[in-house]
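A.B. asks: Sharing a model that was predicted from the sequence below.
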Amino acid sequence: MRTPGPCAHLLLLVAVALTQNCTGSHWLLFYDTVVYGPNLWEPRFIRVGYLDTTPFEAFDSKAATAVMQPRAPWMEQEPREYWEQVTEEALLDSQNNGMILQIMMGYYNHSKNEYRTLQVVLGCSVGNDGRFLRGHHQFAYYGYDYITLNEDLSSWTAEGEAAQTIRKQWNNMRTAEELGTYLQGPCVEILTRYLDLGKETLLRSDAPQAHVSHQVRPGGNVTLRCWALGFYPAEISLTWQRDGNNHTQEMELVDTRPAGDGTFQKWAAVVVPSGEELRYTCHVNHEALPEPLTLRWEPPQPTLFLMAILIGLVLGAFVVGAVVIFLLSKK
């Protein structure tokens, strides 16, 4: 199934929420996608719940058994009544969001000949002390319309005529005040409980393994790349300095990426003139480090290379001498 390009806006928003939250904070995020198009008799609803960057539960209306399923081992501690409740909530949201999607398609006269999507993000963030930090809620239809809960958690911003119409007429949508109350109350309580269930995984700290690589570029310059591997949680700081001064404006920095084993990786690169590599230092800061790391590219030690050659020559001379002695003794 193909996902339309305009949906990348909300996917980027989710990535930002998951990987760039404030240091020392935790996110609870529910990400809903409703898809309607060819070969679908009714809209397909998919919900994934994330705690920080870990998916912990998922629902798919087109699955063989349309029930909420655990996606993290620690969620298996939840009783049967919990899964019945969250499944019922997902089914209700599936109906409501499916109707919103079809209303939006009708407004723009979009047919089922192409896939259309409605995406919804709902979540809250707390500090390590459990204090509420932020709340978020947004609808997005195919890149055209957005309905966003403002930071004051008491008002909406609707972008697009259809979104404004939906916001005014759709009675099943919560008011901004109701959502703000939920995000600051029950959402925080749920997040705190999940953190307690998965504390061995979610509250751990794995220090990054860091090093600097060196690559000569075609023009003669050199790329220095500072790597940080195998760290958790995802928040990390990588910066380059030249002669002790920040060198961030000319630095290439990639987003933090899952490593596939529950940890993360990241790198930051700078292009420097050949011969000036030792003027640059990479600084790595992560909560699992007792103090920030300062790294510098270390050129190969010529003495080791010469020692290897010397040892090779000595061994070669020894072998040749042994052969000569053997031949003389035979004579």
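C.D. replies: On my side now, so go ahead. Residues are numbered from 1 along each chain as shown.

A.B. asks: which stretches of the chain have low pLDDT?
C.D. replies: Applying pLDDT under 70 to the chain flags residues 1-24, 169-172, 302-331.

A.B. asks: Recalculate using a threshold of 80.
C.D. replies: 1-24, 142-145, 161, 165-174, 260, 300-331 (pLDDT under 80).

A.B. asks: can you list the domains in it?
C.D. replies: Using automatic domain parsing, the domain ranges for the chain come out as 5-202, 209-295.

A.B. asks: Which positions within the helix or strand hosting residue 191 qualify as buried?
C.D. replies: For residue 191, the host element (DSSP states H and E) is helix 186-197. For helix 186-197, the neighbour count (16 or more other Cβ atoms under 10 Å) marks 187-188, 191, 194-195, 197 as buried. Every C-beta, even on glycine, is put in place using the N, C-alpha and C of the backbone.

A.B. asks: what's that helix in contact with?
C.D. replies: Residues external to helix 186-197 that are found in contact with it (Cβ atoms under 8 Å, 6 or more residues apart in numbering): 26-28, 51, 56, 74-75, 77-78, 123-124, 126, 130, 132, 135, 202-203.

A.B. asks: Please indicate which of the residues you listed are buried?
C.D. replies: Among these, those buried by neighbour count (16+ other Cβ under 10 Å) are 26-28, 51, 56, 74-75, 78, 123-124, 126, 132, 135, 202.

A.B. asks: Just the ones of those in strands?
C.D. replies: Among these, the residues falling in strands (DSSP state E) are 26-28, 51, 56, 123-124, 126, 132, 135.

A.B. asks: ok, so of those, who is nearest residue 91?
C.D. replies: Set against residue 91, the nearest of these by Cβ to Cβ is residue 56 (19.0 Å).

A.B. asks: For that closest one, which non-adjacent residue is closest in space?
C.D. replies: Nearest residue to residue 56 in three dimensions, chain neighbours excluded: residue 72, at 4.2 Å (Cβ to Cβ, 6 or more residues apart in numbering).

A.B. asks: so the one you found touches residue 201, yeah?
C.D. replies: Yes. Using Cβ atoms under 8 Å, residue 72 is in contact with residue 201, at 7.5 Å.

A.B. asks: mind checking the SS state of residue 33?
C.D. replies: strand (DSSP: H, G, I helix; E, B strand; the rest coil).

A.B. asks: Between the buried residues of helix 186-197, which sits nearest residue 232?
C.D. replies: Nearest to residue 232 among the buried residues of helix 186-197: residue 195, at 14.4 Å, using Cβ to Cβ.

A.B. asks: Roughly how far does the closest one sit from residue 124?
C.D. replies: Distance from residue 195 to residue 124, counting by Cβ to Cβ, to the nearest Å: 12 Å.

A.B. asks: Then residue 203?
C.D. replies: Taken as Cβ to Cβ, the span from residue 203 to residue 124 is 18 Å.

A.B. asks: Also residue 236?
C.D. replies: Look at residue 236 and residue 124: by Cβ to Cβ, they are 23 Å apart.

A.B. asks: for residue 148, same thing?
C.D. replies: Distance, residue 148 to residue 124, by Cβ to Cβ: 15 Å.

A.B. asks: go on, residue 240?
C.D. replies: Taking Cβ to Cβ as the measure, residue 240 falls 35 Å from residue 124.

A.B. asks: right, and residue 205 touches residue 263 too?
C.D. replies: No. Counting by Cβ under 8 Å, residue 205 sits too far from residue 263 to count as a contact (10.9 Å).

A.B. asks: Ramachandran angles for residue 177?
C.D. replies: Dihedral pair for residue 177: phi -60, psi -40, per degrees, to the nearest 10.
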